[in-house]
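Novice: Need coordinates for the following:
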Amino acid sequence: MNKSDKIYVAGHRGLVGSAIVRNLKEKGYENIIGKTHDELDLTNQNDVRNFFENERPDIVVLAAAKVGGINANNTAPADFAYENMQIQCNVIKCAHDYKVKKLLFLGSTCIYPRLAPQPIPEDALLTGPLEETNEAYAIAKISGMQMCKYFKRQYGDNFISCMPTNLYGPYDNYDLSGSHVMPAMIRKFHDAKINNSPSVELWGTGTPLREFLYVDDMADACVFLLENYEGEQHVNIGTGKEVTIKELAEAVRRTVGYEGEIIWNKDMPDGMPRKLTDVSKLHKLGWTHKVELDEGIRLAYDWFKENVENARL
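Specialist: Now for the predicted structure:
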């Protein structure tokens, strides 16, 4: 990549895209473009083609996606499958047609089998059944990642993919109807503290193991891969460290300063029992994370408090 390259970040205002834009600017990339959903509907093939025709980006980062937690995935699987496949097909095909120099596709670790070996290596993909609660989203993401591989294999396009683990940080989604576990906990404990509620209900048993990566670390890894990686195989992005959901809840509660009771609703689903990425490939390439979990939770909560009026609630 050159500092003068025109870089299109799809999803530039979301959790992932905004972090990538921040990191690119910190590294001296100033020619960055982004469009809101009102300005460009990525599910509309004609709109996407017109955008590429007019803008001719050199680099594309495909961070736009319909995302959500267990509840959102369970209740709207058709929407998750359709919208994500539409976005991916439109952007990837146009990146090929308009000879984009490099494209980075962002997947998700939910693409891996429910009972994948732990830590999960990149080659565990497509070796077993998916977790049912997010199957539609996972299948869409697998399709996008494989499409990048096929365009590279057939046409020589410089399309690469990465698989970030569970992310959190500035500009996250705190709407409890569709948020992931970390922002949901921050919102619940914060609201309970403000309202002096005696207890907070959390879903599941609290026993699943999860890995969490601060979003600015993820962005740094993405830009690192754009600058240094051209392989066909996708690359896991994570910390290689895990905690139980109960341990996470206690860490968030301490940071927020909530002193009430946690009630675990065991009638609600846990999702995958364990999901830890094998990040040895990324480490060998020369990148490791910087922000540890306790510091990341503090940074995320500080952002939430400062931006609560404008956060996605």
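Novice: tally of neighbours for residue 104?
Specialist: Using other CB atoms under 10 Å, the number of residues around residue 104 comes to 23. C-beta: built from backbone N, CA, C; applies to glycine.
Novice: Shouldn't it be within a strand?
Specialist: Yes: according to DSSP: H, G, I helix; E, B strand; the rest coil, residue 104 belongs to a strand.
Novice: list the contacts for it?
Specialist: Contact partners of residue 104, counting by CB atoms under 8 Å, 6 or more residues apart in numbering, are 59, 60, 61, 62, 160, 161, 162, 222, 225, 226.
Novice: now swap in residue 139 and tell me
Specialist: Shown in contact with residue 139 (CB under 8 Å, 6+ apart): 81, 130.
Novice: can I assume it sits in a strand?
Specialist: No: counting by three-state DSSP, residue 139 falls outside a strand, being helix.
Novice: low-scoring pLDDT stretches of this structure, where are they?
Specialist: Applying pLDDT under 70 to the chain flags residues 69-70, 178, 312-313.
Novice: Which parts of it are helices?
Specialist: Ranges of helices within the chain are 15-26, 45-55, 70-75, 77-97, 135-155, 181-194, 215-228, 245-256, 280-285, 293-306, based on DSSP state H.
Novice: Give me the packing partners of the first one, helices and strands only.
Specialist: Looking back up the chat, that one is helix 15-26. With contacts taken as 3 or more CB pairs under 8 Å, 6 or more residues apart in numbering; DSSP states H and E, helix 15-26 sits against strand 7-10, strand 32-33, strand 166-168, helix 215-228.
Novice: May I ask which of the contacts of residue 104 has the most neighbours?
Specialist: Greatest neighbour count in these, by other CB under 10 Å, goes to residue 61: 29 neighbours.
Novice: Pipe the helices of the chain into a markdown table and attach distance to residue 271 per row.
Specialist: Output for the helices of the chain, formatted as a markdown table (distance: least, CB to CB, whole Å):
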| stretch | distance to residue 271 |
| --- | --- |
| helix 15-26 | 19 |
| helix 45-55 | 32 |
| helix 70-75 | 6 |
| helix 77-97 | 14 |
| helix 135-155 | 11 |
| helix 181-194 | 9 |
| helix 215-228 | 20 |
| helix 245-256 | 9 |
| helix 280-285 | 24 |
| helix 293-306 | 19 |
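Novice: of all those helices, which lies closest to residue 269?
Specialist: Proximity to residue 269 (CB to CB) singles out helix 70-75 among the helices of the chain, at 5.7 Å.
Novice: contact partners of the closest one?
Specialist: 80, 133, 134, 136, 137, 177, 178, 203, 268, 269, 271.
Novice: Then stretch 52-66?
Specialist: Here stretch 52-66 makes contact (CB under 8 Å, 6+ apart) with 1-2, 5-12, 14, 16-17, 20, 33, 42, 79-80, 83-84, 87-88, 91-92, 94-95, 97-98, 100-106, 137, 141, 144, 222, 226.
Novice: thinking again about what came up before, quick one: closest of the helices and strands packed on helix 15-26 to residue 305.
Specialist: Closest among those, using CB to CB: strand 166-168, at 14.8 Å.
Novice: partner strands of the closest one, parallel or antiparallel?
Specialist: strand 212-214 (parallel) (DSSP bridges).
Novice: hey, what's residue 102 bridged with?
Specialist: Where residue 102 sits in a bridge, its partners, by DSSP bridges, are residue 59.
Novice: re earlier: which one of the helices and strands packed on helix 15-26 is the most hemmed in?
Specialist: For the helices and strands packed on helix 15-26, the largest average neighbour count (mean count of other CB atoms under 10 Å) is found in strand 7-10, namely a mean of 26.
Novice: other SSEs contacting it?
Specialist: helix 15-26, strand 32-33, strand 59-62.
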